[in-house]
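1. sequence and predicted structure, then a few things I'm wondering about:
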Amino acid sequence: MSKFIPVNKPDLTGNEKKYLIECIDTGWISSEGPFVEKLEHGMCELTGREHAFAVCNGSAALELAVKAIGIQPGDEVIMPTFTIISCALAVIRAGAVPVYVDSDLETWNMQMDGIENLINPKTKAIMAVHIYGITVDMDPLLKIAKKYNLKVIEDAAEVIGQTYKGRQCGSFGDISTFSFYPNKHVTTGEGGMVLTNDAQIAEKCKSMRNLCFGKKNRFEHESIGWNFRMSNLQAAVGVAQLERISDTLKRKSAVGQMYRYFLKENDNIQLPLDKTSYCENIFWIFGIISLQKNNNAQWWMDKLKKDDIGTRPFFYPMHLQTTLKYAQKLDCSYKNSEFLSNFGFYLPSSTTLSKKDIKNICYKINKICE
Ligand SMILES: Cc1ncc(COP(=O)(O)O)c(C=O)c1O
């Protein structure tokens with residue numbers, strides 16, 4: 001009997017258990033425990049950022065980031081339409097308006113040449129989201145932001161430890177965010193982080209993450225914040241994960257390269273780029289695109305499910321989300337994002353996959369097309 005291969009399985013074989021036991025033995029389980037600061041410190045070291053704040057998930061990190069850089073009701077924030085809804089929700093919940101940009105068919109990231117036309121006096125920020133393994137081309141984006149005096153939020157959820165032109169992702173713009181969901185390069189179960197070099201933004205993050213407790217009178221709150229805190233238990237897992245980040249990235253890369261090798265002769269699918277002039281793909285996930293006009297992603301995923309292979313569809317673009325229709329501004333055509341969403345999906349991408357698993361998955365994919 002064949003065994004179902006899930007799309008993701010975290011590897012918790014380092015010090016995770018040891019550090020969790022330490023939390024229980026010492027009684028430090030809340031956000032005040034020492035692992036939270038250790039994780040924040042570790043992420044500062046990794047990215048070169050000065051301030052980091054652990055939060056309860058990557059969506060919360062985006063909410064905090066948007067508010068901390070001062071986005072106000074009525075402001076516009078430029079972002080990709082092909083992304084997770086957390087990006088748009090953070091903007092909408094701040095009372096601002098997401099303005100979407102279409103994606104590039106090769107890198108799957110926001111098209112740079114779509115950005116400048118959308119800028120008007122209401123535009124306050126650009127949200128750069130690294131999608132599915134290839135980074136955003138940050139230099140042109142930062143140049144546009146500088147020219148029009150816009151803030152930059154970098155959503156680096158999917159690229160922890162990855163570099164753009166040798167510089168760490170999560171180190172760009174006014175503020176950056178990470179997610180530590182179990183499919184990320186570092187997991188805490190649920191978790192996230194905001195990072196910045198700006199002391200004022202940092203102060204806001206620190207306060208808003210923790211209900212804006214008063215400095216003199218603790219329970220007279222200074223502003224409207226959230227409880228977005230991360231527990232010491234979660235951070236303990238994160239610290240153990242971060243200790244092994246370079247090994248994780250190496251194994252992710254190896255998984256991606258094996259897929260590329262075993263699928264290289266398959267003309268029915270588009271494979272992810274393994275590099276561009278500015279970055280190398282670590283293959284956070286191994287995404288593929290059906291090039292068969294009559295067979296969309298769902299068709300492939302149904303076939304693979306029958307073969308006990310787990311898959312996930314690509315994102316459903318923001319401009320098509322009926323639940324967001326009232327709150328968005330549409331400015332261009334989004335044909336590429338719609339194509340990626342219809343025809344793209346990803347394969348099991350865990351570091352725990354063996355060469356045999358990958359060979360087997362690829363054999364089945366190649367067989368589907370015969
Ligand atoms: C690009 C991106 N941003 C944000 C998030 C949200 O993170 P979380 O699931 O931790 O809320 C994700 C989740 O996968 C993501 O891929």
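-> Now that the structure is in, tell me what you want to look at.

2. what residues does the stretch 51-200 of the chain put near the ligand?
-> Contacts of the stretch 51-200 of the chain with the ligand, taken as C-beta under 6 Å from any ligand atom, map to 57-59, 83-84, 86, 129, 155, 157-158, 179, 181, 192. (Glycine included, C-beta is placed from N, CA and C.)

3. go again with 5 Å.
-> 57-59, 84, 86, 155, 157-158, 179, 181 (C-beta under 5 Å from any ligand atom).

4. can you flag which of the residues you listed belong to helices?
-> Counting by DSSP state H, the part of those found in helices is 58-59, 86.

5. ok, those residues vs Asn227, which is closest?
-> Ser59 (14.2 Å; C-beta to C-beta).

6. re earlier: among the ones in helices among the residues of the stretch 51-200 of the chain next to the ligand, which one has the most neighbours?
-> Gly58 (25 neighbours; other C-beta atoms under 10 Å).

7. so how far is Ser354 from that one?
-> 29 Å (C-beta to C-beta, to the nearest Å).

8. how about Thr196?
-> To Ser354, Thr196 is 40 Å away according to C-beta to C-beta.

9. the more surrounded of these two?
-> A direct count of neighbours by other C-beta under 10 Å for Thr196 and Ser354 places Thr196 higher, at 24 against 10.

10. residues in a beta bridge with that one, which ones?
-> His51 (DSSP bridges).

11. next up, the contacts around it.
-> Listed by C-beta atoms under 8 Å, 6 or more residues apart in numbering, the contact set of Thr196 reads 49-51, 68, 174-176, 202, 205.

12. just the buried members of these?
-> 49, 51, 68, 174-176, 202, 205 (16 or more other C-beta atoms under 10 Å).

13. okay, and which of these map to strands?
-> Of the buried ones among the contacts of Thr196, the ones assigned to strands by DSSP state E are 51, 175-176.

14. where does the stretch 151-300 of the chain dip in pLDDT?
-> Residue ranges of the stretch 151-300 of the chain with pLDDT under 70: none are present.

15. and the strands in it?
-> Using DSSP state E, counting those that start in this stretch, the strands found in the stretch 151-300 of the chain span residues 151-155, 163-164, 167-168, 175-179, 192-196, 269-270, 286-290.

16. now do the stretch 1-150 of the chain
-> 51-55, 76-80, 97-101, 123-129.

17. now the third one - C-alpha only, CSV.
-> If I follow you right, that is strand 97-101. What follows is strand 97-101, C-alpha atoms only, in CSV (Å, rounded to 0.1, in the frame of the first residue of the first chain):
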residue,chain,number,x,y,z
VAL,A,97,-7.1,50.7,0.2
PRO,A,98,-5.1,48.0,-1.5
VAL,A,99,-4.0,48.8,-5.1
TYR,A,100,-3.1,45.7,-6.9
VAL,A,101,-0.3,44.9,-9.4
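
18. going by residue numbers, what spans are helices in the chain?
-> Secondary structure of the chain, counting by DSSP H: helices at 16-26, 34-47, 58-68, 85-93, 138-147, 199-209, 232-243, 245-263, 297-306, 335-343, 355-368.

19. quick revisit: nearest to the ligand, of the ones in helices among the residues of the stretch 51-200 of the chain next to the ligand?
-> Nearest to the ligand out of those is Gly58 (C-beta to the nearest ligand atom; 2.5 Å).

20. residues contacting that closest one?
-> Gly58 touches 86, 155, 157, 177-181, 184, 191-192, counting by C-beta under 8 Å, 6+ apart.

21. and the furthest pair within these?
-> Pairwise distances across the contacts of Gly58 (C-beta to C-beta) peak at 14.9 Å, for the pair Asp155 and Gly191.

22. how about the most centrally placed residue in the chain, what does it touch?
-> The residue lying closest to the centre of the chain (C-alpha atoms, centre = their mean) is Ala157, at 2.6 Å. Ala157 sits next to 58, 84, 129-130, 177-179, 181, 184, 192 when contact means C-beta under 8 Å, 6+ apart.

23. for it, give its distance to Ala60.
-> Separation of Ala157 from Ala60 (C-beta to C-beta) stands at 12 Å.
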